[in-house]
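Engineer: For reference, the sequence and a predicted model appear below.
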Amino acid sequence: MSYCRFSEGDVYMYPSLEGIECCACRLAPLVKTIFTEGGDAPLFGYVEPCECGGTGCDKCLMHGSLTFQTEQEALAHLLKHREAGHLFPQDAIDRLKQEISGRRGPGAAIPAPAP
């Protein structure tokens, strides 16, 4: 279950097999997308090459995702989003704080979600 979603604001953070992911994070560097190259894209089918030729328009560049190994790291990252003025529900911070003080001690690795 996600901590927060784009439908609720500017941040999409959720547990993944690798840890806690901040998807298409506005604090992460810009990366090229599948729209830059064209051809067969495994998730989206065939897409045409971008009109800009991959030089860096909104269609072919997006922010990458970041992954955190502990709830503390994810919480610190959410607080950076707050400092940057990005919007998301307070519940995301509250849930991470609850998980930190709950069943696992501080700094404990995050168990993988059930498949």
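Structural biologist: All right, it came through fine.

Engineer: Quick one: mean pLDDT over stretch 62-75.
Structural biologist: Mean per-residue pLDDT for stretch 62-75: 92.

Engineer: Could I get the full set of helices for the protein?
Structural biologist: Taking DSSP state H, the helices of the chain run over residues 34-37, 71-83, 90-101.

Engineer: So which of the ones you listed is nearest residue 23?
Structural biologist: helix 71-83 (12.2 Å; Cβ to Cβ). (C-beta placed from N, C-alpha, C; glycine too.)

Engineer: Now do the contacts for residue 4.
Structural biologist: If you count contacts by Cβ atoms under 8 Å, 6 or more residues apart in numbering, residue 4 has them with 11-13, 88-89, 91-92.

Engineer: Report the separation between the closest residue in space to residue 95 that isn't next to it in sequence and residue 29.
Structural biologist: Nearest residue to residue 95 in three dimensions, chain neighbours excluded: residue 3, at 5.7 Å (Cβ to Cβ, 6 or more residues apart in numbering). Distance, residue 3 to residue 29, using Cβ to Cβ, to the nearest Å: 22 Å.

Engineer: Convert the C-alpha atoms of stretch 83-98 to CSV, please.
Structural biologist: Presented in CSV, the C-alpha positions along stretch 83-98 are these (Å, rounded to 0.1, in the frame of the first residue of the first chain):
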residue,chain,number,x,y,z
GLU,A,83,10.8,21.8,2.4
ALA,A,84,10.7,22.1,-1.4
GLY,A,85,7.0,23.0,-1.2
HIS,A,86,5.7,19.7,-2.7
LEU,A,87,2.3,18.7,-1.6
PHE,A,88,1.3,15.3,-0.1
PRO,A,89,-0.8,14.1,2.8
GLN,A,90,0.5,14.4,6.3
ASP,A,91,-0.6,10.8,6.7
ALA,A,92,2.5,9.7,4.7
ILE,A,93,4.8,11.2,7.4
ASP,A,94,2.6,9.8,10.2
ARG,A,95,2.7,6.3,8.8
LEU,A,96,6.4,6.2,8.3
LYS,A,97,6.9,7.5,11.9
GLN,A,98,4.5,4.8,13.2
